[in-house]
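Asks: Here's a sequence, model it:
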Amino acid sequence: MNKYYTIGQLAKLAGISTKTLRVYERKGLLLPERNEENGYRMYGEESVKTMEKIQLMKYLDFSLDQIAAFLRLYENVSRKNMLLEQKRLLEKKREQLNTVIAHVDRTVQECEGEELDDNTFLKALGRIVRDRRADELVLRLKQHADEPRGWSRFIFDMAELQTDMRVLDAGAGIGNLWRYNRERLPKKMNVTCVDRHNTHMDTFYADAGVGELKEYLQNSDFYFVWDDLETMSLNGPYERIFFNHVVSHITNRHALYRKFDSALSGNGVFICTWGGLLFYEKLLPLLYEFFEEKEYTELDELYHKHKAHVEDWEKELHAVFPKVERHAYVLTLHFGTAEEFLEYIQQVCRPVRESLETRRKEFLEFLVRFKNEDGEFIFERDTYLYCCRKN
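Replies: Coordinates of the predicted model:
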């Protein structure tokens, strides 16, 4: 004879609340029978077994939606593939947690020696959040294209570096420009890499002390400086100054450009970069079609805001440098699944994240039509590079 439990009894047996059991019911994970006399929920022995599955999968950090899908397809699903996919997601979450911990450590470092008032704390935290998002974007680019190697090589080619040049890498990060061009470095260069965060320098030095990078860097003099570009003194003259994707972090760009101009040699080149508009120009029509609207307000505003920034930034360059040449670097992204493509859109365009997540299944089905013959989803974005000269 089957034994039945009330909702309170099953909750006590499982060590959870009755409220949680009602959530499971709404999600379709655990459906009770009803007592014909009083309408109360009753749970049989099969419900207890299902509850055990739910609890085990929750321990492995499966979401309720994942658990619901698994229970619906229980007889046909591959347990091994399911666990391997969950392992991948957990490893991804571990990487994210490690990143967050590293950024918390960096916030503590940045605030050392300063009075930790609200303004100091929020400014340090804001910089770190922006850096984290930038790091996440670089990681995505590495997954879906030859980046940042391809971009770093493009900058290197445009710079036309030569033997004996003095170079300033302003906002060098972890030195990708040099890491990804290590076998191409001219000899006897003098390179000063400046960044506001000492952890970036630690990463560069860790790599520079081993293997091929150490061998190639020995041909030139490299120095890493932990300082603020807007307040530090620049020990010019430099034949090349790189300013790679740093513009949005600067308070007074005009004053800094004047400082760079003064630090350039007579035939020196200031190389400045930031993101282009191609990604938004291609994504907007796609979202218009999906939402069946002539405009998608959040992304439209983001596009026009970024476009206005680009126009303002260009004007600021022209106000300081007599000769400014703009070059576009187009990057092709390859996504193996619609899910990967969606995750990238949500990361790059944060205002659309919630709207797309609400209609996630529908949007994934919509994206299928954009798959090419090789089963990939192809999308493009561009980056602008400006070569600025004194004359």
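Asks: Tell me the secondary structure of the nearest residue to K188 once chain neighbours are set aside, please.
Replies: Spatial nearest neighbour of K188, chain neighbours left out: D164 (5.0 Å); criterion: CB to CB, 6 or more residues apart in numbering. C-beta coordinates here come from the backbone N, C-alpha and C atoms, glycine included. Recorded secondary structure, D164: coil (DSSP: H, G, I helix; E, B strand; the rest coil).
Asks: mind checking pLDDT for D164?
Replies: D164 is assigned 92 on the pLDDT scale.
Asks: what's near enough to touch it?
Replies: 186, 188-189 (CB atoms under 8 Å, 6 or more residues apart in numbering).
Asks: Also V320?
Replies: V320 sits in contact with 254, 257-258, 261, 388, where contact means CB under 8 Å, 6+ apart.
Asks: try it again with 6 Å
Replies: Contacts for V320 (CB atoms under 6 Å, 6 or more residues apart in numbering) come out as 257-258, 261.
Asks: By neighbour count, which of the residues you listed wins?
Replies: Of all those, Y257 has the most neighbours under the rule other CB atoms under 10 Å, reaching 21 neighbours.
Asks: Let me see the mean pLDDT of stretch 180-192.
Replies: On average, stretch 180-192 scores 87.
Asks: Residues in contact with it: which ones?
Replies: 149, 152, 156, 161-168, 213, 216, 219-223.
Asks: With stretch 221-238 instead?
Replies: Contacts of stretch 221-238 (CB under 6 Å, 6+ apart): 166, 168, 170, 190-194, 196, 198, 201, 256, 263, 265, 268.
Asks: list the buried ones in it?
Replies: 222, 224-225, 229, 234, 236, 238 (16 or more other CB atoms under 10 Å).
Asks: picking up where we left off before, and the gap between the residue nearest to K188 and R153?
Replies: Between D164 and R153 the computed distance is 22 Å (CB to CB, to the nearest Å).
Asks: list the contacts for the nearest residue to Y4 once chain neighbours are set aside?
Replies: Nearest residue to Y4, sequence neighbours excluded (CB to CB, 6+ apart): M42, at 4.6 Å. Neighbouring residues of M42 by CB under 6 Å, 6+ apart: 4, 32-33, 35.
Asks: where do the strands sit along the stretch 51-200 of the chain?
Replies: With strands called from DSSP state E, counting those that start in this stretch, the stretch 51-200 of the chain shows them at 166-170, 190-195.
Asks: In TSV: these, plus mean neighbour count and distance to F279.
Replies: Formatted as TSV, the strands of the stretch 51-200 of the chain follow (neighbours: other CB atoms under 10 Å; distance: least, CB to CB, whole Å):
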stretch	mean neighbour count	distance to F279
strand 166-170	24	25
strand 190-195	21	26
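Asks: will you turn those strands into CSV that also has distance to E91?
Replies: Shown next, in CSV, are the strands of the stretch 51-200 of the chain (distance: least, CB to CB, whole Å):
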stretch, distance to E91
strand 166-170, 33
strand 190-195, 29
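Asks: Out of these, which gets nearest to H245?
Replies: strand 166-170 (11.0 Å; CB to CB).
Asks: list the helices and strands that closest one packs on?
Replies: When contacts are defined as 3 or more CB pairs under 6 Å, 6 or more residues apart in numbering; DSSP states H and E, strand 166-170 sits against strand 190-195, strand 238-244.
Asks: For it, which strands pair with it and how are they oriented?
Replies: strand 190-195 (parallel), strand 238-244 (parallel) (DSSP bridges).
Asks: Now tell me what touches that strand from outside.
Replies: 190-194, 229, 238-243.
Asks: just the residues you listed now: which is nearest K307?
Replies: Checking these one by one against K307 (CB to CB), the nearest turns out to be F243, at 20.6 Å.
Asks: Test my guess that that closest one contacts C272.
Replies: Yes: contact status for F243 versus C272: in contact at 4.5 Å, counting by CB atoms under 6 Å.
Asks: Bridge partners for the residue nearest to A172 when sequence neighbours are not counted, pull those for me.
Replies: Counting by CB to CB, 6+ apart, C193 is the residue found nearest to A172 once chain neighbours are left out, at 3.6 Å. Note on C193: beta-bridge partners D169, F224, judged by DSSP bridges.
Asks: and C193, what does it touch?
Replies: Counting by CB under 6 Å, 6+ apart, C193 has contacts 169, 172, 175, 224.
Asks: Show me where the stretch 251-391 of the chain dips below the pLDDT cut-off.
Replies: By pLDDT under 70, the low-scoring segments of the stretch 251-391 of the chain are 293-296, 391.
Asks: E33: neighbour count?
Replies: 13.
Asks: So what pairs up with it in the strands?
Replies: Residues in beta-bridge contact with E33 (DSSP bridges): M42.
Asks: Quick check: it vs I67, distance?
Replies: E33 is 21 Å from I67, by CB to CB.
Asks: try D228
Replies: Taken as CB to CB, the span from D228 to I67 is 49 Å.
Asks: Cheers, nothing more for now.
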